[in-house]
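J.: Here you go, sequence then predicted model.
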Amino acid sequence: MGHRASSYDPDFFGSSGTFGKIEQKLRKGPTAAKQAKVHNEFLGILAANKWDLVFVMGQNFFAESTMAEARKRAGSQARFVFHSHDNMFSNGVLKGEDFFSALSHYDCVFTTKSQNVSLYQSMGQKKTFFLPSAYEPSVHRPIPATESRIGRQIPVSFIGTFDISRVEIVDAVGWDKLEVWGDHWQRYERVREHQNRIHPAAVYYHQFADITSHSSIALGLLRKEAMDRHTQRTFEIPACGALQLAPRTPEILEFFDDKKEIACFDTLEELKSKVDYFLTHETERRKIAEAGHRRCIAGKHTYQDRTEQIVASAFEKKYSRAG
């Protein structure tokens, strides 16, 4: 597109020494010194170049004063965009005291939480858009056996962080069928009992795709605390070619047809029943998984697709992918 891009990753929570860590804990945020350092670095970058788009992704601690000055430094031609995967209205998400007032300095806001659109608008950010999660086709794809490090077929997999709300779900699936990967599963009270089935470390990129590709069923679970209606897994799992088994929500059903392109459940009994059914009906399972994969690939759910939507909304133009 004839533009130069530059990235900046603000270090709000780097090593601050003992007293700095105490201050961070008390403030539930970065120290004053870190805040000032980021403020100066960010404004310096904006002043050094002429920017068309300033895209702030998931940074919850840019102060209102920083954003107000940023608008001046960047110039009137620049469009400021904020995007977050988090539910910023949840008490569990840390953010600056003036996070919501800082939003007034953005031209538009994008959220993966559809229920948050009206909340952002009620805070004064009228140009707020629902932008669904996405997948990266170079990463999230069926991994052939020649590239796989798994070397086996997994009956049921779940990749995700431990959360107390997920315990009853994994227990209902049955540990004779299930394997789990993700952070903090050492907190699960039965972790020693199932230590050969629990891999308590996060996995990303190729490893995620490898595990998912070689799973007969992959669980696409939501987090109650975040009030999820869909997640990145909604697209990553079918992109990898596995049958996705997920909670039945209206939002997920906007992307995939239940029983044709995805399998959904409302209750633990339905979850267990569908796991048992699809593990013994391979032809039907493969048919649904393949249909879900085709729908995902054809549905314009890649990160590039989402980026084009962001640019089009920010500049109120219609952008289309070249080629």
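T.: Okay, I see it.
J.: the strands in this structure, which residues?
T.: Counting by DSSP state E, the chain has strands at residues 53-57, 79-84, 108-111, 128-130, 154-159, 178-181, 198-199, 215-219, 243-247, 263-265.
J.: got a list of contacts for the last one?
T.: So the one you mean is strand 263-265. Contact with strand 263-265 is made by 217, 243-248, 252-253, 258, 271, 274, 278, 288, as judged by Cβ atoms under 8 Å, 6 or more residues apart in numbering. Placement of C-beta: from N, CA and C, glycine included.
J.: Make TSV from those and add pLDDT to it.
T.: Compiled in TSV, those are given as follows (pLDDT from 0 to 100):
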residue	pLDDT
217	98
243	98
244	98
245	98
246	98
247	98
248	98
252	98
253	98
258	98
271	98
274	98
278	98
288	98
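J.: List the residues that contact residue 92.
T.: Contact analysis of residue 92 by Cβ under 8 Å, 6+ apart lists 225-226.
J.: re earlier: quick one: which of the contacts of strand 263-265 is nearest residue 8?
T.: Of all the contacts of strand 263-265, residue 252 has the smallest distance to residue 8: 34.4 Å, by Cβ to Cβ.
J.: Test my guess that that closest one contacts residue 233.
T.: No. With contact defined as Cβ atoms under 8 Å, residue 252 does not reach residue 233; the gap is 10.3 Å.
J.: intersection of neighbour lists for these two?
T.: Residues touching both residue 252 and residue 233 by Cβ under 8 Å, 6+ apart: 220, 246.
J.: on that earlier part again, possible to save the contacts of strand 263-265 as TSV with distance to residue 183 and neighbour count?
T.: Rendered in TSV, the data for the contacts of strand 263-265 read as follows (distance: Cβ to Cβ, whole Å; neighbours: other Cβ atoms under 10 Å):
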residue	distance to residue 183	neighbour count
217	22	24
243	25	26
244	21	29
245	22	23
246	20	24
247	21	19
248	26	14
252	24	21
253	29	15
258	30	14
271	23	21
274	27	19
278	28	21
288	30	23
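J.: correct me, but residue 62 touches residue 42?
T.: Yes. The pair residue 62 / residue 42 is scored as a contact, 7.4 Å apart, by Cβ under 8 Å.
J.: Show me whatever sits in contact with both of those two.
T.: Both residue 62 and residue 42 are contacted by residue 10, under the criterion Cβ under 8 Å, 6+ apart.
J.: give me the low-pLDDT residue ranges for this protein?
T.: 1-2, 15-29, 317-323 (pLDDT under 70).
J.: in this protein, which residue is closest to the centre?
T.: Central residue of the chain (Cα atoms, centre = their mean): residue 232, 4.7 Å from the mean position.
J.: Just give the nearest non-adjacent residue to it, would you?
T.: Excluding the flanking residues, the one nearest residue 232 by Cβ to Cβ, 6 or more residues apart in numbering is residue 133, at 4.2 Å.
J.: residues near that neighbour, how many?
T.: Around residue 133 there are 18 other residues, counting by other Cβ atoms under 10 Å.
J.: Distance to residue 8 for the strands of the chain - can I get that in TSV?
T.: Compiled in TSV, the strands of the chain are given as follows (distance: least, Cβ to Cβ, whole Å):
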stretch	distance to residue 8
strand 53-57	10
strand 79-84	14
strand 108-111	19
strand 128-130	23
strand 154-159	30
strand 178-181	31
strand 198-199	34
strand 215-219	35
strand 243-247	35
strand 263-265	40
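J.: and residue 90, which of those strands is closest to it?
T.: Among the strands of the chain, the nearest to residue 90 by Cβ to Cβ is strand 79-84 (11.1 Å).
J.: if I look at the spatially closest residue to residue 200 that is not a sequence neighbour, how far off is residue 203?
T.: Excluding the flanking residues, the one nearest residue 200 by Cβ to Cβ, 6+ apart is residue 185, at 4.1 Å. Distance, residue 185 to residue 203, by Cβ to Cβ, to the nearest Å: 12 Å.
J.: Give me the more crowded residue out of these two.
T.: Neighbour totals were compared for residue 185 and residue 203, and residue 185 leads with 23 against 17 (other Cβ under 10 Å).
J.: List the residues that contact the more buried one.
T.: Counting by Cβ under 8 Å, 6+ apart, residue 185 has contacts 162, 191, 198-200.
J.: again, only this time at 7 Å
T.: By Cβ atoms under 7 Å, 6 or more residues apart in numbering, residue 185 lies in contact with 162, 191, 198, 200.
J.: now residue 104
T.: By Cβ under 7 Å, 6+ apart, the contact set of residue 104 is 124-125.
J.: circling back: what about the strands of the chain, which gets the closest to residue 228?
T.: Proximity to residue 228 (Cβ to Cβ) singles out strand 243-247 among those, at 8.7 Å.
J.: Residue 293 contacts residue 238, doesn't it?
T.: Yes. The pair residue 293 / residue 238 is scored as a contact, 5.2 Å apart, by Cβ atoms under 7 Å.
J.: Please say which of the two ends up with more neighbours.
T.: Using other Cβ under 10 Å as the criterion, residue 293 and residue 238 rank with residue 238 on top: 32 against 21.
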